[in-house]
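J.: Any chance you can model this:
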Amino acid sequence: VQLSESGGGLVQIGDSLRLSCVASGRPYSSHVLGWFRQVPGEERQFVAAIRWGGGRTYYADSVKGRFTISRVSAENTVYLQMTSLRPEDTALYSCGLANGYDTSPRTYRNWGQGTQVTVSS
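T.: The predicted model follows:
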């Protein structure tokens with residue numbers, strides 16, 4: 001399964017964006033798709049994840065109440081709806097696939113190329 005992200009851009013504080021992560025094939029029900037973000041010089045940081053089968057969701061405390069992760073099975077796509085964006089949300093956002101839920105990026109694989117989100121102050 002290859003993953004491809006899109007939807008990033010340059011926005012203002014308080015704006016919204018929806019990121020997409022499209023899988024080239026259907027993930028297994030046990031798979032977890034996770035969104036991470038990374039700024040230069042730092043490790044990928046967990047943002048949100050969703051279990052493909054059943055749709056259970058997980059969020060980092062920093063984005064709870066502002067970001068929503070969802071999936072559309074028919075499209076093999078995971079979305080990350082981001083609202084009330086802040087300058088500290090600026091990062092390269094990538095999605096990865098894991099066999100189970102974890103917040104460590106080392107658990108995930110099949111990373112896409114990422115999509116840049118820049119929140120201007």
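J.: With adjacent residues omitted, what lies nearest to the residue most central in space within the chain?
T.: Central residue of the chain (C-alpha atoms, centre = their mean): residue 35, 2.3 Å from the mean position. Leaving aside its sequence neighbours, residue 35 sits nearest to residue 47 (C-beta to C-beta, 6 or more residues apart in numbering; 4.4 Å). Where C-beta positions appear, they are placed from N, C-alpha and C, glycine not excepted.
J.: hang on, the one you found packs against residue 67?
T.: Yes. Contact criterion C-beta atoms under 8 Å: residue 47 and residue 67 qualify, at 6.7 Å.
J.: Show me what the residue nearest to the centre of the chain bridges to in the sheet.
T.: As for beta bridges, residue 35 partners with residue 48, residue 95 under DSSP bridges.
J.: Tell me who's in contact with it.
T.: Residue 35 is in contact with 19, 21, 47, 48, 49, 69, 78, 80, 93, 94, 95, counting by C-beta atoms under 8 Å, 6 or more residues apart in numbering.
J.: what would the residues you listed look like in a markdown table with distance to residue 6, pLDDT and neighbour count?
T.: A markdown table is the format used below for those (distance: C-beta to C-beta, whole Å; pLDDT from 0 to 100; neighbours: other C-beta atoms under 10 Å):
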| residue | distance to residue 6 | pLDDT | neighbour count |
| --- | --- | --- | --- |
| 19 | 7 | 98 | 24 |
| 21 | 8 | 98 | 27 |
| 47 | 16 | 98 | 25 |
| 48 | 17 | 98 | 24 |
| 49 | 19 | 98 | 26 |
| 69 | 16 | 98 | 24 |
| 78 | 12 | 98 | 27 |
| 80 | 11 | 98 | 26 |
| 93 | 10 | 98 | 24 |
| 94 | 12 | 98 | 23 |
| 95 | 10 | 98 | 28 |
